[in-house]
Structures are given as structure tokens and as C-alpha cells.
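Undergrad: Just the structure for this:
(4 chains)
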Number of protein chains: 2
Amino acid sequence: MTVTLADVAARAQVSPATVSRVLNGNYPVAASTRERVLRAVDELDYVLNGPASALAAATSDLVGILVNDIADPFFGIMAGAIQSEIGGPGGRAGGERLAVVCNTGGSPERELTYLTLLQRQRAAAVVLTGGAVENEPHAAAVAAKLRKLTAAGTRIVLCGRPPAPDTDAVALTFDNRGGGRELTEHLIRLGHRRLGYIAGPEERTTTRHRLEGHRAALAAAGVEDDPRRTVHGPYDRRAGYEATLELLRRDPTLTAVVAANDSVALGACAALRESGRRIPEDVSVAGFDDLPFSIDAVPSLTTVRLPLAEAGARAGRIAMGREEPPPGGIAMIRGELMVRGSSGVPRG
Amino acid sequence: MTVTLADVAARAQVSPATVSRVLNGNYPVAASTRERVLRAVDELDYVLNGPASALAAATSDLVGILVNDIADPFFGIMAGAIQSEIGGPGGRAGGERLAVVCNTGGSPERELTYLTLLQRQRAAAVVLTGGAVENEPHAAAVAAKLRKLTAAGTRIVLCGRPPAPDTDAVALTFDNRGGGRELTEHLIRLGHRRLGYIAGPEERTTTRHRLEGHRAALAAAGVEDDPRRTVHGPYDRRAGYEATLELLRRDPTLTAVVAANDSVALGACAALRESGRRIPEDVSVAGFDDLPFSIDAVPSLTTVRLPLAEAGARAGRIAMGREEPPPGGIAMIRGELMVRGSSGVPRG
DNA sequence: GCGCTTGCTGCAATCGCTTGCTGCACCGCT
DNA sequence: AGCGGTGCAGCAAGCGATTGCAGCAAGCGC
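TA: Numbering: from 1, shown residues only, chains lettered A, B, ... in the order given. So this is what the prediction gives:
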């Protein structure tokens, strides 16, 4: 029914071994033989059996990419960049590898399950993106799983995620703390003293780091850090909308709202506008990430640009072994403050 | 080194066959035996070898999803919905399947290469999303490939893509023509007569259909259809920005700009604003797709909502054989006109 | 008590490819 | 002419699961 290596071998009048070698190209084969084989492959329209090959060679050409939410451009951009480097068709790399994008939805269990699934497939590499959940047992379970994967020859890269201790996973971490700090410093410099902060979900590292940066800036400037000015919620627009209403209820005199990310900031803008406040005349707004739509917001969003595509590409190359990991296996990637229209000097 | 079925079997004092049957759960196994096996699996921390299993069973648990651009929420949303239905961890489906998301970048060659790669992996199903390229040889090549995949037992579903003739691929097609027509009818009804149209890349079906709908509306209303009022470009913000400047250059008296999709519309808004025009007082703008950010545009975008998540979910279920394909294997999915702030009555 | 059905379990072949090792020409050197 | 080298090709042993078929024990009817 389906064409196998043996069929090709028969047609080309060589042994299956030779066909395999021609196809894998890592063994000397005489030019004439090679050509005969390739012709046979072509004539029979032969397609290698991936599973069989993976079984025999004990490695597959699958690369896993774990993301929290594939519909979120934050992850989409990274995933795209990673994929373009791991050498799917059209990528600069040689081999043709398939990217397996796994949507964890931010759930720790799914994260583990997906790692197991990738282990089962004997993935060549796995890139984990996005913040980690701060939960000791889970972190330990993930670390154990990563160690097992590494032992099985799977390369592990963390992209935009804190390093995993006791693991030899390479980590490209975003400087969320520094970015958060810079952003708030900028607002303080403009004269803001009553700043609301819309944080992400409590248990995520990204949330904590950005918030810590914010607080560090407040502390350094001697600005009071009223805990009632911080609200937690998911990383989406709706959360920003609702959190902003809540913040305004608690303190209608806020002059600035710092959001956990750009989507949240957009929701905040909507809420502020509905409450009759102008941006930035009445209230300044700041986001984080600098996703493509941020520049189109009206006014355009002051935010911290994270080089998502660059980081993803680098992670992809490292995962493929085409680039040296950073010294110590850890690199801190800084964001860049983008001052735009949504932040201004407070009135009065 | 790595634990195999045989190891588990030895530990549970049964044959490998029995272990396999316990794991696959499709064969009678005594409860006591089953439990013993599961305990052994657990104690040894056994992970099934995917490739070996796929080889022996001649099917894998991989499902391919082809998208044009994973960083674009249009595709991200569909991919996420598809994935949630194909039964990865946390999905409602039983088996645990892995979604392979392939970024074609809109390139026909990559599309074919990816299909071959998926064929190689013996994918259980493949979902192709987004418009097709209108190019006879390529369409024929894709159809041939799809036929081969089907013959190998891979289920094929097209999601948001026109049917593929001579193929038994199930097609869930968006009614781009109808949506385009409704949108333009809406603008005409408001009183617009000089409408610019920013179309997508020439060779894509989506582009053509939306444009045809636009023209049909013009024709039906007896509005002149000056070809100089149509500009083609990529489906991104920047293209919208540049195309708008070009349209204004050609005819500064335009009262409305219809964009190929929401991203393009956002670019158009930016260009209009920079040229000193107000939206919608001076110029109305309309998009297509109703991506999440459209409602946050200022003013919020009049557009055609496409039920991306629903369509993706349905495609996923059909791909998994958990839902009956539509009669004839083809379903037309309609969009819904969302009238919002960016469209209004033209002045004068 | 015998034979037959029913319900599990095991044997062993098979899936299609990779790769270490052996084997065979042929070449160039002495 | 003899000999070591070199360059290709083939043999055959796996890789780790699945599954058709055989086998065996217990249960049941007559």
C-alpha cells in the first residue's frame, strides 16, 4: 500500500541502508548511486515514515513550544520567532523540524502533561515561554521533568521565564523588575504621586517582578505605597477595565494607572474614558510589552518594549544548538521604555 | 537506561502485551491485573514511546494546524480553539493529542512542505486555516497532497478556507463575500458615495471574495466603482497606513475607507488622523474580522465579526470525528455586521 | 462429568528505519 | 607483484511498541 524504504531500494537497485544514507546525507555515498536513489524516491513519491525513523534513531525532529495562550500576540510573536529559527521549511536552518505549539492556558497541570507528551514524542528540544507559576511543588515537578527530558537528550530553553534551578535549562529572562521600575520612575518624574497599579494573577513570577519594580520605584522616590492602590486580575483587557473601575472607586483622585501589560492597559483606558476622564490630561496610563496594537491606541500607549521576536529567535537558535548559550546559561533581557502619548504631567 | 514496556511488564509480572492493553484501554483486562500494571507504570515513572507506538499502530496522535501567521490573533484565536477541541490536556476530548502548529507565512511552497512533513509524521488529522492562494498549479498540488493524506487515514478539515475540489476535505468557509457586501451596504446607506477600498494581497481568495462583496454592494446601489479607489497590500497595519495615504493622494475627498481587515483598518485610522481628518466626522472607517482590539480602537471599529473561535472549535471536533461534517462536506459561516463608532454619516 | 462458551493473558510476528560492522574493489605505493 | 589504504555498499541486529491468534482456566448447562 504505502511506499517504504525497501521499495525505493528495490527500484534503485541498492540496499535499504544505502537509501537511508542518501536521505540522511551523513555518510559517503557515490554520486551516481545517490542520484539513482533520489530518482527512485521521486518516481515512487516516497515519504519517509517519521515514527519509524524516530524509533530507530531514537530522536525525532519535533520541537515543543509551550505557551500560555496562543491567541495572545505576546506568545504568538515569540512562537513565530522560535519557529522561524528551528528550521521548519523556509527557516534558515537546514533540517526540517516541526514545531509543536502547546497551549497550557497557564495551568500548571497542563504544563506538566504537555511536557510528558513531548517526552513521549522524544522531542528534539522544548522551549517554555512566559512566566512560571510560583508554587513550590509544581516548580519542583517541572524541574524534575526538565531533568528527565535533558537526560533523554532534549534540549531545554526558557524564553521570557525565570531560570529553573537544579536544571541545565538555558534561560533567557526578561527584566520585568527593571522595566516595571523604569516605567513608574517615568511617571513619578512627571509628577504623579497617586498611582494605581493593576497587577496580573498573584501567583505568576511575571506579575511579582513587575510589581516589585513598581514598588521599588515608589520607595526610591519616597512615594507612599498604599496597598489599596494595587488590584490583581488576569492578563486581559476585561480585567483592566474592571480593575480600573475598582481603583477609581477606592480613590477617585488617581492621576496615573500602571497596567500589568498592554491589553490590561487598553481595558483601563476604556474604563477611564467611560468615567469621563481624559488621557493623559486627567489620568496617565502605562502598559507593558509594547505589542503591535499599542501604538495604535489613542493616545498611543506609554509602555516597556520587550524584544519578543529577538528573544524568541535567539531561544530557537539555542534550542537548535546553532548559537552558544549565554555564560552561566542565563541571560537577562532588558526592556526599553517607550514614552508615548498616554502619559503626561498631572494637572494641578 | 530508559524504561520500556518490557520493564513495566516484568515489574508487574505480566507480558508486554498486557501492559500495552492496559495503557490503551481497548481490550478486556482483569481489574486486579490492570491495577498491578498501573502501579508498576507509576513506580517506574514509565512514559510511552510515541514513535514506537505510532510505528506499530500505524497512526500517531499528532494533529497538524496550518496557519499563515501565528503572531496574528486572527490565526491565534482559531488555532487555540482547534487545539482545545482536539483533546490536548484539559480539552474535553479523551485522548491526548498534540497540536502541531505550522506557520506557512502565506507561502505556497511552505504549505506543501508542511503537508509533507505532517504526512511523514502520519498525522491523525490536519486543519488548514486561512484563505488559499489562487494559483492553479499550486492548488492542484495541494489537492493531490490532501488526497494522499486522506488515503493514509488523515482527516482533513479546512477552516475559513474555500473548499478544495476533488478532495474529501471538509470545508468550513467564511462568507467573506457576504460580509464585504453588508459592510459596504452599511456605508452606502449612511450616505457614502466615494469609498476607498484597501484590499489584501491580490492572489488570495479571501482578498478576492471580500472585494467582490464590496463591488457587488456598489453595483447594487448604482455607485460608481472607480478602480483607482482600490489599493492592494499585505494584511497588516502598515499596509493600511500606506494605502490610505495613497488613496487620499488619489482622491482627497473620500468619505469612507473600507479595509481588508481590522489591522489594516487601524493603520488607516492612523494615517487619516495624521492627515488631520476626524473619524467618523470626516471619514468613516470599516474593518473586517472583529479581532479583540477592534473594540478598543478610538473610535471603536465598525467591522464584520467572524466567529473564529466557534469555527475553530467546530473544525477541531470534526477533525477528531466527534462531530458530523456538514452535509456535502461544506458549510458557509456567516459574519455579523458590527456597527460601531468609526462609521457615520458623511458631512455635507 | 463432559464439552463448550466466556474471559483473560501470552507468544511472536510485524511495523519501517538506522547503523555498527564486515566485505569488496580499486588505487597507489614500494 | 604484493600490500596497505580508502571509499562505498550491504548484512543484519535492533529500536519499542501493537495485535492476531492461540492457549488456558473457570463457569455453565445438560
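Undergrad: mind listing what the residue of the stretch 151-300 of chain A found nearest DNA strand C touches?
TA: For the stretch 151-300 of chain A, the nearest residue to DNA strand C under the criterion C-beta to the nearest atom of the strand is A:Gly153, separated by 11.8 Å. (C-beta placed from N, C-alpha, C; glycine too.) Shown in contact with A:Gly153 (C-beta atoms under 8 Å, 6 or more residues apart in numbering or on different chains): A:58-59, A:122, A:124.
Undergrad: so which helix or strand takes in A:Leu158?
TA: Following DSSP states H and E, the helix or strand that holds A:Leu158 is strand A:155-159.
Undergrad: Return that strand as PDB; C-alpha atoms alone will do.
TA: Only the C-alpha atoms of strand A:155-159 are listed here, as PDB (Å, rounded to 0.1, in the frame of the first residue of the first chain):
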ATOM      1  CA  ARG A 155      17.500  20.500  24.800                       C
ATOM      2  CA  ILE A 156      15.500  22.900  27.000                       C
ATOM      3  CA  VAL A 157      15.300  26.700  26.700                       C
ATOM      4  CA  LEU A 158      13.300  29.000  28.800                       C
ATOM      5  CA  CYS A 159      12.200  32.200  27.000                       C
END
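Undergrad: Show the average pLDDT along whatever helix or strand A:Gly64 lives in.
TA: Per DSSP H and E, A:Gly64 falls inside strand A:62-67. Across strand A:62-67, pLDDT averages out at 96.
Undergrad: and if you look at stretch A:128-146?
TA: On average, stretch A:128-146 scores 94.
Undergrad: Quote the end-to-end distance of that stretch.
TA: End-to-end span of stretch A:128-146 (C-alpha to C-alpha, to the nearest Å): 10 Å.
Undergrad: Show me what counts as buried in that stretch.
TA: A:128-133, A:138-139, A:141-142, A:145-146 (16 or more other C-beta atoms under 10 Å in any protein chain shown).
Undergrad: A:Val223: what secondary structure?
TA: With DSSP: H, G, I helix; E, B strand; the rest coil as the basis, A:Val223 sits in coil.
Undergrad: Could you pull up the residues touching the closest residue in space to it that isn't next to it in sequence?
TA: In space, and not counting its chain neighbours, A:Val223 is closest to A:Arg193: 5.7 Å by C-beta to C-beta, 6 or more residues apart in numbering or on different chains. Residues near A:Arg193 by C-beta under 8 Å, 6+ apart: A:223-224, A:255, A:346.
Undergrad: rerun at 10 Å
TA: A:187, A:218, A:221-224, A:253-256, A:346 (C-beta atoms under 10 Å, 6 or more residues apart in numbering or on different chains).
Undergrad: which of the residues you listed come close to DNA strand C?
TA: Contacts with DNA strand C are made by none of the contacts of A:Arg193, judged by C-beta under 7 Å from any atom of the strand.
Undergrad: ok, so of the residues you listed, who is nearest DNA strand D?
TA: Nearest member of the contacts of A:Arg193 to DNA strand D, counting by C-beta to the nearest atom of the strand, is A:Leu218, at 55.0 Å.
Undergrad: Which phi and psi values does that closest one adopt?
TA: With angles defined as degrees, to the nearest 10, A:Leu218 sits at phi -60, psi -50.
Undergrad: pLDDT at the nearest residue to it once chain neighbours are set aside, what is it?
TA: Closest residue to A:Leu218 apart from its sequence neighbours, by C-beta to C-beta, 6+ apart: A:Asp225 at 4.7 Å. We have a pLDDT of 94 for A:Asp225.
Undergrad: Can you give me the domain boundaries for chain A?
TA: A:5-48, A:57-175+A:308-333, A:176-305 (automatic domain parsing).
Undergrad: do the longest one and DNA strand D meet at all?
TA: By that I understand domain A:57-175+A:308-333. Yes: using C-beta under 7 Å from any atom of the strand, domain A:57-175+A:308-333 comes into contact with DNA strand D via A:Ala58.
Undergrad: chain center to that domain: distance?
TA: How far domain A:57-175+A:308-333 lies from its chain's middle: 9 Å, per C-alpha atoms, centre = their mean, to the nearest Å.
Undergrad: Can you give me the end-to-end span of it?
TA: With C-alpha to C-alpha, one end of domain A:57-175+A:308-333 sits 36 Å from the other.
Undergrad: likewise the first one?
TA: Distance between the boundary residues of domain A:5-48 (C-alpha to C-alpha) amounts to 7 Å.
Undergrad: Check stretch A:334-343 too.
TA: OK, stretch A:334-343 end separation, C-alpha to C-alpha: 21 Å.
Undergrad: any idea which residue sits dead centre in chain A?
TA: The residue lying closest to the centre of chain A (C-alpha atoms, centre = their mean) is A:Thr129, at 3.4 Å.
Undergrad: tell me the phi and psi of that residue?
TA: According to degrees, to the nearest 10, A:Thr129 has phi -110, psi 160.
Undergrad: Who's the closest spatial neighbour of the closest residue to DNA strand C within the stretch 201-348 of chain A, skipping the chain neighbours?
TA: For the stretch 201-348 of chain A, the residue closest to DNA strand C is A:Gly321, as judged by C-beta to the nearest atom of the strand, at 16.3 Å. If the residues on either side of it in the chain are set aside, A:Gly321 comes closest to A:Arg155, at 6.7 Å by C-beta to C-beta, 6+ apart.
Undergrad: List the contacts of that neighbour.
TA: A:63, A:123-127, A:149, A:168-170, A:318-321, A:325.
Undergrad: for A:Ala6, same thing?
TA: Per C-beta under 10 Å, 6+ apart, neighbours of A:Ala6: A:15-16, A:19.
Undergrad: rewinding a little: now tabulate the contacts of A:Arg193 in a markdown table and tack on distance to A:Gly106.
TA: Shown next, in a markdown table, are those (distance: C-beta to C-beta, whole Å):
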| residue | distance to A:Gly106 |
| --- | --- |
| A:Leu187 | 28 |
| A:Leu218 | 28 |
| A:Ala221 | 33 |
| A:Gly222 | 36 |
| A:Val223 | 32 |
| A:Glu224 | 32 |
| A:Thr253 | 34 |
| A:Leu254 | 29 |
| A:Thr255 | 32 |
| A:Ala256 | 28 |
| A:Pro346 | 35 |
